[in-house]
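1. fold the stuff below for me.
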Amino acid sequence: MESEKSRKAIVIDPLDNVATAITKLESGSTVNIRDEVNKRIILVQSIPFGHKFALRRIERGEKIIKYGEVIGRATKAIKRGAHVHIHNVESMRGRGDLL
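-> Predicted coordinates for the structure are as follows:
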């Protein structure tokens, strides 16, 4: 897989269904993710530095998990390798109606 120097994205927890880009990534590029099963993700959209992309298909209403924590919910289906951001995720933090 990738060396530390050539790493393009990180996954912190095995439960995560998103990775975080640690450099700007272009649509169509391949990212190698090092985790228990090691994955090769082909990006279907460009991903800005610091933004998230889906490690697998995420269904509408499914929880978005980063750092092993739920950070939001998908507002529509998200393809593997797609940008995960405010256009397809609603925050679940600080919402009294979700307790």
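
2. who's residue 78 bridged to?
-> residue 58 (DSSP bridges).

3. adjust the sequence numbering to begin at 45 for everything that follows.
-> Renumbered: residue one is now 45, and that last one reads residue 122.

4. where along this protein do the strands fall?
-> 53-54, 62-65, 74-77, 83-86, 96-98, 107-110, 113-118, 127-128, 133-135 (DSSP state E).

5. quick one, what contacts the residue most central in space within the chain?
-> Closest residue to the average C-alpha location of the chain: residue 62 at 2.2 Å, with CA atoms, centre = their mean. Neighbouring residues of residue 62 by CB atoms under 8 Å, 6 or more residues apart in numbering: 55, 96-99, 108-110, 128. Every C-beta, even on glycine, is put in place using the N, C-alpha and C of the backbone.

6. can you redo these as a markdown table with distance to residue 86?
-> Output for the contacts of residue 62, formatted as a markdown table (distance: CB to CB, whole Å):
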| residue | distance to residue 86 |
| --- | --- |
| 55 | 16 |
| 96 | 16 |
| 97 | 10 |
| 98 | 12 |
| 99 | 12 |
| 108 | 20 |
| 109 | 21 |
| 110 | 21 |
| 128 | 15 |
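
7. which one among those gets closest to residue 77?
-> residue 55 (5.6 Å; CB to CB).

8. tally of neighbours for the closest residue to that closest one other than its chain neighbours?
-> Leaving out its chain neighbours, the residue that sits closest to residue 55 by CB to CB, 6 or more residues apart in numbering is residue 63, at 4.8 Å. Counted with other CB atoms under 10 Å, the neighbours of residue 63 add up to 26.

9. wait, residue 63 sits on residue 87?
-> No: applying CB atoms under 8 Å, one finds residue 63 not in contact with residue 87, separated by 10.3 Å.

10. any common contacting residues for these two?
-> 75, 97.

11. want to throw the strands of the chain into a markdown table with mean pLDDT?
-> As requested, the strands of the chain are exported to a markdown table (pLDDT from 0 to 100):
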| stretch | mean pLDDT |
| --- | --- |
| strand 53-54 | 94 |
| strand 62-65 | 97 |
| strand 74-77 | 93 |
| strand 83-86 | 93 |
| strand 96-98 | 98 |
| strand 107-110 | 96 |
| strand 113-118 | 96 |
| strand 127-128 | 98 |
| strand 133-135 | 93 |
